[in-house]
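K.L.:
What follows is a protein structure lacking sequence information:
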């Protein structure tokens, strides 16, 4: 999923007494799981456990199911937009206490938005909400992609002594923005832990710099899904992506085809997502408007794109084909939109996790053969997809 484009209410300042860490501690940390390349953590809302996505470009959001479970009063707030082209109904409510490990944020406003589309992204994985930007405003936050941990530190007690590279950032909305360039074209890029791939450019930046002509992408399809629906993109590779002195090579890059939604803004060039970010341990110090990149053991890992060429969602216990890239291995094997996938390599899909399957189709080597049991209009058949690089 992706965050809504507006924040929930007036953002509190760091000095307001709405946040703390238990027992006077300076910092606390929690483990996270990467699911579809997004950072998932356990939290408690008013003492009850839930599962949320931690997104550096997002405001506070919970689902209507969470609001009902907590018996919260929800007021209508019109509609919000996300990366998809559709608007979604939104409400507003207040949560008395949000707890992350030993960290507490008190009496804060949350948007209430349905995640009915979540199975098209995360399958059966639980997602009860999104948090991010407002936490960054209260605590220095380290995203340790090497050890899968988030660490939160009181900003008045934080002092960085490492050897990482510091970038100053600004904000236009929620996401931290840094200066960078792609193959010599300068722009301002959001550092977005909620973005699933390496580099997602926005429409105006893409078109104003004639990037579709420059890169002549041959691959087009659904490359993500968020609030407001699917993200349809052309996919190419940028030779060099620069952030200051950092250079990252051969980066898989999405050029969106959206006609409306968050990806049509001209306020930034695009967002840097997890396939780039997880090569570093990243510290957001909002009190000083700095973000620190420290290379980790993942630095320099080859960037890959889906080698099957299809987008699957989950309906009940089965996976459903929602998009097939023309000329891809999936298309050549005869898969079509609407086909139901019942088993993969002999395992029933009700025993598989969709994000893990999607990851394997992206990272398993070219020429790997994948066996599928497929149902089309009630007829079952077995097909074989032979993976290969598409970009």
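P.N.:
Right, received. Where do you want to start? Just so you know, these numbers come straight off a predicted model, no measurement behind them. Numbering: from 1, shown residues only.

K.L.:
drop to CA atoms for contacts and neighbour counts, all remaining ones
P.N.:
Fine.

K.L.:
in the stretch 251-391 of the chain, which spans are strands?
P.N.:
270-272, 280-285, 290-295, 310-315, 318-324, 340-344, 347-348, 369-376, 379-386 (DSSP state E, counting those that start in this stretch).

K.L.:
Take those strands and write them to TSV, including distance to residue 360, mean neighbour count and mean pLDDT.
P.N.:
Output for the strands of the stretch 251-391 of the chain, formatted as TSV (distance: least, Cα to Cα, whole Å; neighbours: other Cα atoms under 10 Å; pLDDT from 0 to 100):
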stretch	distance to residue 360	mean neighbour count	mean pLDDT
strand 270-272	22	26	97
strand 280-285	22	24	98
strand 290-295	25	20	98
strand 310-315	13	22	96
strand 318-324	15	22	97
strand 340-344	11	21	98
strand 347-348	14	14	97
strand 369-376	10	18	98
strand 379-386	13	15	97
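
K.L.:
Let me have those in CSV, adding distance to residue 90 as columns.
P.N.:
Shown next, in CSV, are the strands of the stretch 251-391 of the chain (distance: least, Cα to Cα, whole Å):
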stretch, distance to residue 90
strand 270-272, 24
strand 280-285, 28
strand 290-295, 31
strand 310-315, 24
strand 318-324, 26
strand 340-344, 32
strand 347-348, 36
strand 369-376, 36
strand 379-386, 41
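
K.L.:
for the ones you listed, which one sits closest to residue 142?
P.N.:
For the strands of the stretch 251-391 of the chain, proximity to residue 142 was assessed by Cα to Cα; strand 280-285 is nearest, at 4.1 Å.

K.L.:
who does that closest one pair up with?
P.N.:
Using DSSP bridges, strand 280-285 pairs in its sheet with strand 140-144 (antiparallel), strand 290-295 (antiparallel).

K.L.:
buried stuff in the worst-scoring helix or strand of the chain on mean pLDDT?
P.N.:
Sorting the helices and strands of the chain by mean pLDDT, DSSP states H and E puts strand 75-81 at the bottom, at a mean of 85. Buried residues in strand 75-81, counted by 16 or more other Cα atoms under 10 Å: 80, 81.

K.L.:
what packs against that strand?
P.N.:
strand 87-100 (3 or more Cα pairs under 8 Å, 6 or more residues apart in numbering; DSSP states H and E).

K.L.:
picking up where we left off before, turn the strands paired with strand 280-285 into JSON lines, columns for distance to residue 206.
P.N.:
Below are these laid out as JSON lines (distance: least, Cα to Cα, whole Å):
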{"stretch": "strand 140-144", "distance to residue 206": "29"}
{"stretch": "strand 290-295", "distance to residue 206": "25"}
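
K.L.:
Which among the ones you listed is found nearest to residue 178?
P.N.:
So among those, strand 290-295 is nearest, using Cα to Cα, at 8.8 Å.

K.L.:
can you list the residues that contact the closest one?
P.N.:
163-169, 279-285 (Cα atoms under 8 Å, 6 or more residues apart in numbering).

K.L.:
for stretch 52-62, same thing?
P.N.:
2-8, 38-43, 109-113, 127-134, 136, 174-176, 190-194.

K.L.:
Compute the mean per-residue pLDDT across that stretch, please.
P.N.:
Computed over stretch 52-62, the mean pLDDT rounds to 96.

K.L.:
mind checking the end-to-end distance for that stretch?
P.N.:
With Cα to Cα, to the nearest Å applied, stretch 52-62 spans 8 Å between its terminal residues.

K.L.:
so what does the longest helix along the chain touch, helix or strand wise?
P.N.:
Longest helix in the chain by number of residues (criterion: DSSP state H): helix 354-363. Judged by 3+ Cα pairs under 8 Å, 6+ apart, helix 354-363 is in contact with helix 119-122, strand 310-315.
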